[in-house]
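[1] everything below, folded, please.
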Amino acid sequence: MKKALPLIATLLFSGVANAQQHQDVSQMAENIEPQVIEWRRHFHQNPELSNREFETAAYIEKYLRSLELDVTTGIAKTGVVGVLETGKPGPTVALRADMDGLPVKEQNDLPFKSAATGEFNGETVPVMHACGHDTHMAMLMGAAKILVDMQDKLTGKVKFIFQPAEEGAPEGEVGGAEVMVKEGVMEDVDVIFGLHISSDTDVGVVEYRHGGIMAAVDPFKVVIKGKQAHGAYPWLSVDPITTASQVVLGLQTIVSRELPLIQDAAVITIGSIHGGNRSNIIPNEVELVGTIRTLDDKMRDHIYEAIPRKVNAIAESMRAEAEITLPLDYNYPVTYNEPALMDQMLPTLKQTAGEANVHQVNAVTGAEDFSFFQKEVPGLYLFVGGKPKDLPKDQAPAHHTPEFKIDESGMQLGVELLTNLTLDYMHQQ
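    Numbering: from 1, shown residues only. This is a model prediction of the structure:
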């Protein structure tokens with residue numbers, strides 16, 4: 001059950017404009033920047049896959065203990081949580097960074113280039129931090145150091161959450177934010193903040209959105225069962241390939257003809273089709289695997305209702321049968337920035353980055369399991385620029401690719417944002 005935002009005179013709070021305190025944080029972030037870069041490069045050179053972040057967790061644990069935080073390990077398998085207890089009454093603010101790398105072989109020519117390998121679904125694969133999680137951990141470690149040094153200005157508690165398996169647990173396992181929530185990491189938390197580095201956003205820029213900023217994701221599978229026959233005699237078959245083809249087209253009409261797209265985006269994609277093994281045999285069955293992306297819970301519910309309706313009607317019209325698995329193996333809710341909280345903390349963003357560098361953006365149809373934390377308490381998820389300003393946006397290396405690269409100077413803003421969001425939220429309570 002999501003906790004309600006406290007009734008506070010948010011916009012009347014004069015301390016949000018505490019320019020001196022923000023200047024102090026900026027100076028401290030600048031001072032610690034070389035260390036943040038060093039941490040980032042260590043993580044980048046030593047990436048680990050989801051639910052296998054053992055050395056990463058040990059490195060983080062050692063540092064958090066050096067700050068004399070109360071540290072818990074082994075949450076959701078490899079997660080690490082450090083707690084800063086001020087001893088004064090006040091809210092508990094959570095800050096989150098994800099830890100896992102991806103099965104990608106790095107192509108960048110860097111002195112700290114990853115040459116790591118790991119095991120993914122039974123195969124040995126190259127591993128790379130190809131989505132910036134190395135920067136997320138380094139930024140949160142930097143914020144932890146500053147907040148410990150400024151704890152006389154804090155109230156309540158700060159919970160530093162280092163989360164495994166954001167990219168998804170290996171086959172047959174569970175992991176990530178959903179498991180951390182089930183294991184109680186959010187039970188005493190009042191609010192949570194998280195950041196994601198963006199390789200196509202200029203250094204120094206922070207991007208935000210009220211409401212849904214990243215999509216819900218719901219993978220699904222459809223198995224069309226027909227009757228096998230010789231390809232020369234299709235009338236003796238119940239053809240699952242023809243049926244599956246109509247299903248693919250029919251599913252697209254859910255988005256284009258049933259959803260109010262002027263309100264929010266939605267996507268239904270079929271990414272995999274398997275059936276048959278010879279040109280002259282109509283197979284018994286065809287398997288379709290796809291994904292749903294939505295930014296609105298009502299639209300998500302509509303798609304959940306519409307897929308079985310469409311698929312079963314098409315299958316019946318072709319004398320075939322359909323088996324539908326929805327969701328298939330995992331699903332994430334919408335990453336939803338509570339509008340009241342967004343309004344409350346927007347002045348902090350503007351003071352930290354400069355008003356011209358705070359950009360309201362459209363939602364993206366990528367997904368984030370940070371959304372599970374936001375189902376428990378109000379939270380904000382923001383994008384921080386990691387692109388050199390002189391690099392054209394269309395030449396920026398994409399996330400999840402071998403060429404992914406960021407400008408490390410963008411991390412200082414992330415450290416400042418995590419710190420100032422914590423300080424200002426606490427001072428508003």
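[2] what about the strands in the stretch 101-250 of the chain?
    117-120, 123-126, 157-163, 191-202, 206-208, 211-214, 216-225, 229-230 (DSSP state E, counting those that start in this stretch).
[3] again, but for the stretch 251-400 of the chain
    266-274, 281-282, 285-294, 321-325, 335-337, 358-360, 379-387.
[4] using TSV, lay out these together with distance to residue 148.
    Where you see a C-beta, it was placed from the backbone N, CA and C, and this is true even at glycine. Below are the strands of the stretch 251-400 of the chain laid out as TSV (distance: least, CB to CB, whole Å):
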stretch	distance to residue 148
strand 266-274	43
strand 281-282	67
strand 285-294	39
strand 321-325	47
strand 335-337	27
strand 358-360	27
strand 379-387	22
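[5] for residue 128, find the nearest of the ones you listed.
    strand 379-387 (15.5 Å; CB to CB).
[6] now the helix or strand just after that closest one: how far from the chain's centre is it?
    Counting by DSSP states H and E, the element after strand 379-387 in chain order, helix or strand, is helix 411-427. How far helix 411-427 lies from its chain's middle: 19 Å, per CA atoms, centre = their mean, to the nearest Å.
[7] residue contacts, the closest residue to residue 133 other than its chain neighbours?
    Spatially, and ignoring its direct neighbours in sequence, residue 133 is nearest to residue 98 (4.8 Å; CB to CB, 6 or more residues apart in numbering). Contacts for residue 98 (CB atoms under 8 Å, 6 or more residues apart in numbering) come out as 133, 136, 137, 162, 163, 164, 166, 167.
[8] what is the neighbour count of the residue lying closest to residue 250 once chain neighbours are set aside?
    In this structure, residue 250 finds its nearest non-sequential neighbour in residue 310, 4.8 Å apart by CB to CB, 6+ apart. If you count neighbours by other CB atoms under 10 Å, residue 310 ends up with 23.
[9] cool, and the one 10 residues further on?
    Using other CB under 10 Å, the number of residues around residue 320 comes to 24.
[10] let me know the secondary structure of residue 93.
    strand (DSSP: H, G, I helix; E, B strand; the rest coil).
[11] check contacts around it.
    With CB under 8 Å, 6+ apart, residue 93 has these contacts: 156-159, 189-193, 421-422, 425-426.
[12] and it, bridged to which residues?
    residue 158, residue 191 (DSSP bridges).
[13] do you know the pLDDT at residue 12?
    Per-residue pLDDT puts residue 12 at 45.
[14] which residues does the residue nearest the centre of the chain contact?
    Residue closest to the mean C-alpha point of the chain, counted by CA atoms, centre = their mean, is residue 368 at 2.4 Å. Taking CB under 8 Å, 6+ apart as the criterion, residue 368 is in contact with 166, 196, 214, 332, 335, 381.
[15] what of residue 140?
    Counted by CB under 8 Å, 6+ apart, residue 140 has contacts 95, 96, 97, 160, 162, 418.
[16] and the second one, its phi and psi?
    Put plainly, it is residue 96. phi -130, psi 140 (degrees, to the nearest 10).
[17] next one: it from residue 72, what distance?
    15 Å (CB to CB, to the nearest Å).
[18] my guess is residue 77 meets residue 175, correct?
    Yes: if you go by CB atoms under 8 Å, residue 77 and residue 175 touch, sitting 6.0 Å apart.
[19] these two: which is more packed in?
    Between residue 77 and residue 175, counted using other CB under 10 Å, the more crowded position is residue 175 (26 against 22).
[20] what's around residue 155, how many residues?
    Every residue meeting other CB under 10 Å relative to residue 155 is counted, giving 16.
[21] same check, this time on residue 72
    Count around residue 72 with other CB under 10 Å applied: 16.
[22] let me see the backbone angles for it.
    Residue 72 adopts backbone torsions of phi -120, psi 130, taken as degrees, to the nearest 10.
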